[in-house]
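Colleague: no sequence on this one, just coordinates:
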């Protein structure tokens with residue numbers, strides 16, 4: 001299961017990123033990069049959002065463990081990690097490919113489209129967070145809710161900075177933390 005997830009994530013990223021790029025280029029007078037949010041921001045701003053990601057992830061894990069007494073690492077994550085086969089591919093798929101593909105789609109293409117619709121920026125953040133959480137139905141309802149809240153954070157970063165790079169990095173950090181957590185858990 002983990003090997004399939006790693007391979008499919010890697011391959012879908014390779015196929016879909018160019019398609020998203022082409023679609024973004026069809027959206028009016030902006031270039032694909034401008035439409036998707038290819039905008040650099042300061043290291044300080046980037047660090048601010050990465051720290052917020054670490055704080056969010058830590059708070060969610062502490063709440064999950066101590067307040068509602070659920071496992072921090074869902075069985076699905078343990079199963080995919082232990083069946084990953086070639087772990088480097090799995091880690092690259094989760095820490096690089098999934099954030100690239102999902103952020104290009106949700107906080108890039110869809111966010112910008114909805115931001116310029118009647119939904120506005122707030123609606124774009126809400127809708128893309130909801131849509132992003134729906135693709136994570138491998139988790140239980142609580143896990144999907146945490147993904148939704150994380151999507152609000154990612155959307156907020158995209159809105160405040162105007163940069164897709166920040167949300168990609170935040171998503172990568174979140175997934176990296178998850179990989180480290182499951183790695184430590186499995187190695188016990």
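Modeller: Yep, that arrived. Note that the structure is a prediction, hence the values are computed from the model and not measured.
Colleague: For the residue nearest in space to the middle of the chain, give me its contacts.
Modeller: Among the residues of the chain, the one closest to the centroid is residue 171, at 4.1 Å (Cα atoms, centre = their mean). Shown in contact with residue 171 (Cβ atoms under 8 Å, 6 or more residues apart in numbering): 98-99, 102-103, 154. C-beta coordinates here come from the backbone N, C-alpha and C atoms, glycine included.
Colleague: The residue nearest to residue 173 when sequence neighbours are not counted: how many residues sit nearby?
Modeller: In space, and not counting its chain neighbours, residue 173 is closest to residue 53: 5.0 Å by Cβ to Cβ, 6 or more residues apart in numbering. Residues within reach of residue 53, counting by other Cβ atoms under 10 Å, total 24.
Colleague: just residue 55 next, same as before
Modeller: Neighbours of residue 55 using other Cβ under 10 Å come to 11.
Colleague: State the phi and psi torsions of it.
Modeller: Per-residue torsions, residue 55: phi -60, psi -50 (degrees, to the nearest 10).
Colleague: Start from the N-terminal end of the chain and give the helices.
Modeller: Ranges of helices in the chain, per DSSP state H, are 2-25, 32-36, 43-62, 75-82, 87-92, 98-103, 111-115, 120-134, 141-161, 164-187.
Colleague: Among those, which comes closest to residue 68?
Modeller: Shortest distance between residue 68 and these, using Cβ to Cβ, is found for helix 141-161: 7.3 Å.
Colleague: what's the closest one packed up against?
Modeller: helix 43-62, helix 111-115, helix 120-134, helix 164-187 (3 or more Cβ pairs under 8 Å, 6 or more residues apart in numbering; DSSP states H and E).
Colleague: Give the buried residues for it.
Modeller: Neighbour-count burial for helix 141-161, counted by 16 or more other Cβ atoms under 10 Å, picks out 143-144, 146-148, 150-159, 161.
Colleague: Right, I'll leave it there.
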